[in-house]
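> turn this into a model:
(one chain, ligands or ions: 1)
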Amino acid sequence: MAERTPVIAGNWKMHRDHLEAIQLVQKLAYHLEAADYEGQEVVVCPSFVCLRSIQTLIQSDRLPLALGAQNCHPEDEGAFTGEVSPPMLQRLDVTYVIAGHSERRALFGESDEIVNAKVAAILRHGMRPILCVGETKEEREAGTAVDVVVSQLRGSLAGIDIALDNAEEVVVAYEPVWAIGTGLTATPEDAQEMCAAVRTELASLYDQAISDRIRVQYGGSVKPGNVKTLMGQPDIDGALVGGASLSSEDFALIVGHRRD
Ligand code: PEP
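Residues are numbered from 1 along each chain as shown. Coordinates of the predicted model:
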């Protein structure tokens, strides 16, 4: 099985202005040790208006952090008032772009088709998508969680060419909707089961070797106290962290979970 480099990403959602964002990253860098960055990627995803400030900070302080965006429009440019394009993000040294977060699917009507166009655009511009999939509480209770996640995967990856040499650039985040921002977390066993199902589906969409290289994160109330067991699961290669990434101390504990 291929060795996968875990990726831990903080999704700040619509929190922190650019001055607060600078402070948060400076404090995070202060709490992290060089060893915390080894063998894993650490990503911060502030709002669009903070990207330039954080890009500059990362560059000037030579921080081993990757920059992520929370969304993008699929087109390169055009009459799309209020939107931000992939080339604009790429020029800001953005490495990762979240696509299809459940909040965007639920609150902004993003369908698999739209998410699919975003994933294609992100890859086309040399960035890495963090493709979010996940079931609601009702879907889990109805026993359809795997079907829902598999269908989101198929729809969001339709026509997307992933080869062995770019498979590491694709990240799938399994985020059960009922666990996001609720303090409820999937048990490590349930999270593992779904991440394994994601990998099985990726193997059928592509092939086993490609599937073995794609990173699959878990997201949903990841905290310093549960990150270790979650990331200890064989098919979980990282975490997408919302609320806890807004605290430099907590996010540093999550990133530094291998210390003891
Ligand atoms: C998220 O925003 O993707 C998320 C997982 O949030 P939280 O960690 O707060 O549940």
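> indicate the residue of this protein located nearest to the ligand.
Residue nearest to the ligand within the chain: G242 (2.0 Å; C-beta to the nearest ligand atom). The way it works is simple: take the backbone N, C-alpha and C, and place the C-beta from them, glycine included.
> apart from its neighbours in sequence, what residue is nearest that residue?
Among residues not flanking G242 along the chain, N11 sits closest, at 5.1 Å (C-beta to C-beta, 6 or more residues apart in numbering).
> likewise E113?
G155 (6.8 Å).
> any idea which helix or strand carries the one you found?
Using DSSP states H and E, the element containing G155 is helix 145-157.
> how about that helix: buried residues?
145-146, 148-150, 152-153, 155-157 (16 or more other C-beta atoms under 10 Å).
> so what's A239 bridging to?
I8, Y218 (DSSP bridges).
> please name the residues that touch it.
Residues counted as contacts of A239 (C-beta atoms under 8 Å, 6 or more residues apart in numbering) are 8-9, 217-219, 222, 227, 230-231, 254.
> separation between it and T81?
34 Å (C-beta to C-beta, to the nearest Å).
> same deal with R105?
22 Å.
> now M194
Taken as C-beta to C-beta, the span from M194 to T81 is 37 Å.
> so the two - more neighbours on which side?
M194 (26 against 5; other C-beta atoms under 10 Å).
> please enumerate the strands of the stretch 51-200 of the chain.
For the stretch 51-200 of the chain, the strands defined by DSSP state E, counting those that start in this stretch cover 66-69, 94-99, 128-133, 171-174.
> turn those into TSV, columns for mean pLDDT.
Shown next, in TSV, are these (pLDDT from 0 to 100):
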stretch	mean pLDDT
strand 66-69	98
strand 94-99	98
strand 128-133	98
strand 171-174	98
